[in-house]
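Enquirer: 3D, please:
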Amino acid sequence: MVDIDNVSAKLKYIYDQAVVRKDLILHGQIGRMPRFISEYLIAKACGDHITPECLKKVSELVERYYREPQEKDRVKFDLVKNGRVDLIAEIKVEKDVDTGLNFANLLNIPIEDPIIIPDIIVENNPRLLEMGLWGKVTIEYNPTASIKMTVTDFKPFQIAEIELEEFAKGREEFTTEEWIDILISTIGYNPTILPKRKKLIILTRLLPLVEENINLMELGPRNTGKTYVFSNSSFYARIFSGGRISPAVLIWNLARDAPGEIPTRDCVVFDEIAKIRFINAAEMMGKLKHFMASGEYERGKRKGSSGCSLAFLGNVDVSGERPIEDFTYVLPEDMRDVAFIDRLHGFIPGWEIPKVGKAEVYLSRYYGFATDYFSEIMHQLRKKHEFIAHITNNVELQNVDRRDQIGIERIASGLLKLLTPHGEFTNEDLKLAMDIAIEYRQRIADWLHYMAPGEYRMKRIGYRVKG
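Expert: This is a model prediction of the structure:
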């Protein structure tokens with residue numbers, strides 16, 4: 001039995017500023033600020049003791065310095081009039097190789113005029129060059145300069161540099177059971193009310209965020225947090241909630257010669273899959289199936305490869321284990337195809353995850369990793385490939401074809417990355433990951449047999465750990 005209070009305290013001691021109380025967000029998102037920034041500001045102002053006074057300070061801070069996109073001219077007016085302006089903003093830096101200058105883009109305020117940002121600020125905050133950072137920024141105005149706006153100070157609201165090695169080293173201080181509870185708390189669930197099986201299923205929702213080129217489907221009741229996990233765990237995911245999707249948006253926009261979501265994201269999520277409609281469906285499904293099988297995309301003259309993973313989510317009103325064929329109706333007509341189904345690596349039993357009820361019962365009140373920190377950790381974990389190599393060398397799969405093998409190895413690898421990022425796992429850890437991987441792929445094998453029994457025989461997948 002895990003003593004979650006003790007584990008929570010130990011987590012705070014080891015990781016310090018990388019963790020926050022996950023119930024902070026229950027006190028309300030601040031204005032239109034992203035969830036993780038609200039989390040940061042409340043933690044900074046209130047620590048572990050939430051009071052009306054500290055929440056008021058946060059609200060006043062945001063009211064004073066945060067500007068909406070439509071207020072861009074107010075920002076420029078204040079800047080010219082006063083010579084400087086302080087803002088809460090999300091900044092992304094671009095390097096101009098011709099001039100050698102760095103230019104700051106305020107992603108939440110669409111100011112078109114160039115803004116210079118010095119090397120020293122960029123060097124101290126390297127993530128400005130990647131996905132960007134939120135923080136408090138000071139911009140000064142010089143009417144006599146050729147480029148009149150310059151960032152003179154930046155205080156990030158996120159950890160400026162994240163080391164995967166430090167994260168992995170801290171994992172050594174916890175048992176696997178304790179670490180599972182930490183991860184569950186991190187994504188917002190209360191670990192004390194969930195049995196181990198349900199915790200593991202919830203964590204498998206994160207697999208597309210830590211493993212490259214993994215394709216998963218989850219069907220289950222509404223209000224179980226399917227979309228919530230993706231929208232509140234990673235900045236590298238793109239969610240399509242029903243609607244029409246074109247090859248230009250998903251793969252490559254030929255008119256603008258710009259990459260779509262698959263070439264640029266860690267994960268693309270198709271939510272409410274029954275309502276997804278592809279523009280140029282035949283072309284789209286052909287290109288999607290090609291990418292799911294090979295990790296390669298092609299449109300027009302543009303070709304390339306991407307590690308983007310795909311998640312297909314849908315709502316079904318069921319309880320308890322059901323025959324896989326019962327779910328075929330949920331798919332749009334274009335996806336009721338064995339070639340598409342075979343390219344899915346696994347099927348998450350979403351009907352086993354409980355609906356989220358009262359916040360004070362179902363949501364975490366303990367420490368967990370800060371959202372932006374954990375998002376970056378998962379992004380970095382995608383580049384670790386030794387887990388698949390270990391599985392290939394130490395596990396003998398039974399009754400599988402090549403696609404079964406690929407799916408099982410990727411699911412097990414992703415789960416081991418989450419549970420044992422330090423790379424030290426026991427046979428029990430390996431079997432835990434393999435059991436889930438086999439189960440998830442078995443559902444796909446059963447589905448294929450139902451849809452095309454002449455082509456896909458009934459089989460029971462198994463494995464043996466060597467040695």
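
Enquirer: Now for this structure, the helix or strand with the poorest mean pLDDT.
Expert: Ranked by mean pLDDT, DSSP states H and E, the helix or strand of the chain with the weakest confidence is helix 359-362, at a mean of 77.

Enquirer: immediately after it, which helix or strand?
Expert: Later in the chain than helix 359-362, the nearest helix or strand by DSSP states H and E is strand 367-369.

Enquirer: I'd like the next helix or strand past that next one.
Expert: helix 371-381.

Enquirer: With only the CA atoms kept, save that following helix in PDB.
Expert: The C-alpha trace of helix 371-381 is given here as PDB (Å, rounded to 0.1, in the frame of the first residue of the first chain):
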ATOM      1  CA  THR A 371       2.500  20.500 -16.600                       C
ATOM      2  CA  ASP A 372       5.100  22.300 -18.700                       C
ATOM      3  CA  TYR A 373       8.000  20.300 -17.100                       C
ATOM      4  CA  PHE A 374       6.300  17.000 -17.700                       C
ATOM      5  CA  SER A 375       5.400  17.900 -21.300                       C
ATOM      6  CA  GLU A 376       9.000  18.600 -22.100                       C
ATOM      7  CA  ILE A 377      10.100  15.400 -20.300                       C
ATOM      8  CA  MET A 378       7.700  13.300 -22.400                       C
ATOM      9  CA  HIS A 379       9.000  15.100 -25.600                       C
ATOM     10  CA  GLN A 380      12.600  14.200 -24.700                       C
ATOM     11  CA  LEU A 381      11.700  10.600 -23.800                       C
END
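
Enquirer: Going by contacts, tell me the helices and strands next to the helix or strand immediately after that helix in the chain.
Expert: Reading on from helix 371-381 to the C-terminus, the next helix or strand found by DSSP H and E is helix 386-394. For helix 386-394, the elements it packs on are helix 402-419, helix 427-451, judged by 3 or more C-beta pairs under 8 Å, 6 or more residues apart in numbering; DSSP states H and E. Backbone N, C-alpha and C define where each C-beta goes, glycine included.

Enquirer: what about 6 Å?
Expert: Using 3 or more C-beta pairs under 6 Å, 6 or more residues apart in numbering; DSSP states H and E as the contact test, the elements touching helix 386-394 are helix 402-419.

Enquirer: Contacts for the helix it packs on next, please.
Expert: Contact with helix 402-419 is made by 176, 203, 207, 210-211, 214, 342, 345-346, 381, 387-388, 391, 397, 425, 433-434, 437, 440-441, as judged by C-beta atoms under 6 Å, 6 or more residues apart in numbering.

Enquirer: Using ChimeraX, make a named selection holding only the buried ones among those residues.
Expert: Command for ChimeraX that selects the buried part of those, burial taken from 16 or more other C-beta atoms under 10 Å:
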select :203,207,210,211,214,342,345,346,381,387,388,391,397,425,433,434,437,440,441
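
Enquirer: gap between the two ends of stretch 335-345?
Expert: 15 Å (C-alpha to C-alpha, to the nearest Å).

Enquirer: my bad, should have said stretch 362-382
Expert: In stretch 362-382, first residue to last residue: 29 Å (C-alpha to C-alpha).

Enquirer: what sits against residue 420?
Expert: Counting by C-beta under 6 Å, 6+ apart, residue 420 touches residue 429.

Enquirer: The helix or strand harbouring residue 242 pairs with which strands, parallel or anti?
Expert: Assigned by DSSP H and E, residue 242 belongs to strand 237-245. Strand 237-245 pairs in its sheet with strand 267-278 (parallel), by DSSP bridges.

Enquirer: which residue sits closest to residue 467 in space, ignoring its chain neighbours?
Expert: Nearest non-adjacent residue to residue 467, counting by C-beta to C-beta, 6 or more residues apart in numbering: residue 394, 6.9 Å away.

Enquirer: now do residue 213
Expert: In space, residue 213 is closest to residue 295, 4.6 Å off (C-beta to C-beta, 6+ apart).

Enquirer: thinking that neighbour is in contact with residue 304, fair?
Expert: No: using C-beta atoms under 6 Å, residue 295 makes no contact with residue 304, being 9.7 Å away.

Enquirer: if we can go back for a sec, run a quick neighbour tally on the residue nearest to residue 467.
Expert: The local packing of residue 394 (other C-beta atoms under 10 Å) involves 13 other residues.

Enquirer: List the contacts of residue 60.
Expert: Contact analysis of residue 60 by C-beta under 6 Å, 6+ apart lists nothing.
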